[in-house]
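S.K.: Sharing a sequence plus its predicted fold:
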Amino acid sequence: MKINLVKKSEKVSSEIEIIFVKEIDSIDNDKELLEILDFKAKDETCVLLAESKKVYVGYEENSYDCIAIAVATAIKKIQTTKFKSAKIELTPELEEHFKALVEGAVLGEYKFTDYKSEKDEKIKLELDIVVEEKSSKLETILKDSKIIAKAVNKARNMVNTAPADFYPEIMASMAEEIAKDVEIKCEIHGEKYLEKHNMMAMHSVGRASVHESKLIHLTYKPKNPKFKIVLVGKGLTYDSGGLSLKPSDFMVTMKADKSGGCAVLSTLWAIAKLELPFEVHGIVGAVENMIGGNAYKPDDILTARNGKTIEVRNTDAEGRLVLADCLCYAQDEIKDIDYIFDYATLTGACVVGVGEYTTGIMGNNEVLKRNTVASALKAGEYATSLDFNRYLKKTIKSEIADICNVANTRYGGAITAGMFLDNFIYDENKSKWVHFDIAGPAYVEKNWGYNSIGASGAGVRTTIGFLQDLLEN
């Protein structure tokens, strides 16, 4: 989508106008007709009046969500027509949430049709945003928000791609393409590296696959960085459950188990495009968890990079094994870290606990957790904090190894998974680490708000928002 800022005094040749309605009494010309059509000034309500070439869309509050959903709803409605251009008059309310307006438009336009044999004719919509006067502030928000939304769509595309077309080698190639595009450093390590550096937790998960596991390391290093940030992503390009095989219904959508890794790759691309003044490392464990004669097994004892031993009681609790070694690698290879965040579709328990749309945020630093939740909500993503506690810690104790990869209770599964990861965070980084369980929002099998069915790019906006908030504080 091409989005332009246009002065009111300039000629605007848009074919249709999008009008935001919070109170129906504020409408002049078409109020009677809208009432006949039972239009309500509510979220996700939209009416297109073809003759007058207007789209009326409702919104309930002056918030990121309501504005983003409203503009996305209008864009989706226009996509059902042959109109190629639209305009929006920027009111004070819309200007207050200009970021949401831009991001909602780009995210709402998104469709994943790569596998459709008969594709609808794709009309590239041009959106003119009409303002009294252009300002550097609006220009900056427009530029940055388009980059952020494009990064989200990059993550969506990767996650939505079928596992036959997106396996660890492909994920590594995507990382190399991203690095080349924004001129950042990219290192790719294979299974020999994992063996040499005792990363046998990650290595074991992928060893039954015909596709070699890949450890990806992207580095963005501007001059005079303010902080050093490490982002670690779970890149399970497909998860069958291993020998603890998933039921067939639960195997569907497991292409989305790479969402954390895709979020990290896309976020690094956006950070470089935005030229944020931070040194940022992106670490992704790209692995496929399959079955076969060489598969790792329940009862196996695995040794992670930091020397800790892990009793495997369920091979479907594999993401935490991959992250364990990736977290250790990050801390061994990168010194003086200011923040270390990991992203993973880690547990179904998190989806049960907080719903499909919300990220569960965990860690040892209460202030940092609150700040990340605040950044997520401000950026347009739902998130909530989940607390560790001493009693759940006992449930992942192993009698024959240092730790067990699943708890001995069915309760608190998201938290026990987070506490498992805490065993691989070094003491000096305990207060700098946050775990993001994105199992709910990363992939939803229905349209929601400005998100179409499938991948949402969860984590990208939260992370960039957190970094931008660091600059303001």
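M.R.: Looks like it arrived, so ask away.

S.K.: residue ranges with poor pLDDT in the stretch 151-300 of the chain?
M.R.: Counting by pLDDT under 70, the stretch 151-300 of the chain has no low-confidence residues at all.

S.K.: can you give me the strands in the stretch 1-150 of the chain?
M.R.: Counting by DSSP state E, counting those that start in this stretch, the stretch 1-150 of the chain has strands at residues 2-7, 16-21, 46-49, 54-58, 85-89, 126-131.

S.K.: For Glu311, find the nearest of those strands.
M.R.: Closest approach to Glu311 among those (CB to CB): strand 2-7, 53.3 Å. C-betas here are computed from N, CA, C, even on glycine.

S.K.: one step back: buried deepest among the strands of the stretch 1-150 of the chain, which one?
M.R.: strand 54-58 (a mean of 23; mean count of other CB atoms under 10 Å).

S.K.: how many degrees apart are it and strand 16-21 in direction?
M.R.: Angle, strand 54-58 to strand 16-21, by axes from the mean of the first three to the mean of the last three CA atoms, to 10 degrees: 30 degrees.

S.K.: Quick check: neighbours of strand 54-58 in the sheet, parallel or antiparallel?
M.R.: strand 16-21 (parallel), strand 46-49 (antiparallel) (DSSP bridges).

S.K.: okay, the ones you listed in JSON lines with mean pLDDT next?
M.R.: JSON lines is the format used below for the strands paired with strand 54-58 (pLDDT from 0 to 100):
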{"stretch": "strand 16-21", "mean pLDDT": "96"}
{"stretch": "strand 46-49", "mean pLDDT": "96"}
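
S.K.: can you redo those as a markdown table with distance to Ala286?
M.R.: Shown next, in a markdown table, are these (distance: least, CB to CB, whole Å):
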| stretch | distance to Ala286 |
| --- | --- |
| strand 16-21 | 41 |
| strand 46-49 | 40 |
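
S.K.: circling back: so which of the strands of the stretch 1-150 of the chain gets nearest Gly282?
M.R.: strand 2-7 (27.7 Å).

S.K.: Grab the nearest non-local neighbour of Arg156.
M.R.: Ala455 (4.2 Å; CB to CB, 6 or more residues apart in numbering).

S.K.: how close does that neighbour get to Ala70?
M.R.: 22 Å (CB to CB, to the nearest Å).

S.K.: Contact partners for Arg37?
M.R.: That one is not Arg; residue 37 is Leu. By CB atoms under 8 Å, 6 or more residues apart in numbering, the contact list for Leu37 reads Val47.

S.K.: so what's the backbone phi/psi at His197?
M.R.: Backbone torsions for His197, taken as degrees, to the nearest 10, come to phi -100, psi 20.

S.K.: Wait, it touches Glu333, no?
M.R.: No - in this structure, His197 is not within contact of Glu333 by CB atoms under 8 Å, at 9.7 Å.

S.K.: Just list the residues touching the residue nearest to Arg156, thanks.
M.R.: Contact analysis of Ala455 by CB under 8 Å, 6+ apart lists Phe112, Ala155, Arg156, Asn157, Met158, Val159, Asn160, Ala256, Ser259, Cys262, Ala442, Tyr443.

S.K.: helices or strands next to the helix or strand hosting the second one in the packing?
M.R.: Read it as Ala155. Here Ala155 sits within helix 136-160, counting by DSSP states H and E. Helices and strands touching helix 136-160, by 3 or more CB pairs under 8 Å, 6 or more residues apart in numbering; DSSP states H and E, are strand 2-7, helix 98-109, helix 259-274, strand 454-455, helix 460-472.

S.K.: which residues are contacting it?
M.R.: Counting by CB under 8 Å, 6+ apart, 3, 5, 95, 98-99, 102-103, 106-107, 110, 112, 114, 129, 131, 166, 171, 174, 255-256, 258-259, 262-263, 265-267, 269-270, 273-274, 442-443, 454-457, 459-461, 464 sit against helix 136-160.

S.K.: How far does that helix sit from its chain's centre?
M.R.: Distance of helix 136-160 from its chain centroid, counting by CA atoms, centre = their mean, to the nearest Å, is 12 Å.

S.K.: and if you look at stretch 399-410?
M.R.: The answer for stretch 399-410 is 29 Å, by CA atoms, centre = their mean.

S.K.: which residues are contacting that stretch?
M.R.: Here stretch 399-410 makes contact (CB under 8 Å, 6+ apart) with 301, 308-314, 317, 320-321, 392, 395-398, 413, 416, 420, 423.

S.K.: Now that stretch: buried residues?
M.R.: Under the neighbour-count criterion of 16 or more other CB atoms under 10 Å, stretch 399-410 has Ala401, Asp402, Ile403, Cys404, Asn405, Val406, Ala407 buried.

S.K.: Tally up the residues packed near Gly190, please.
M.R.: 14 (other CB atoms under 10 Å).

S.K.: between His197 and Glu333, who's got more neighbours?
M.R.: Using other CB under 10 Å, the more surrounded residue of His197 and Glu333 is His197, with 17 against 13.

S.K.: Compute the number of surrounding residues for the residue lying closest to that one once chain neighbours are set aside.
M.R.: Leaving aside its chain neighbours, His197 sits nearest to Arg305 (6.1 Å; criterion: CB to CB, 6+ apart). Using other CB under 10 Å, Arg305 has 21 other residues around it.
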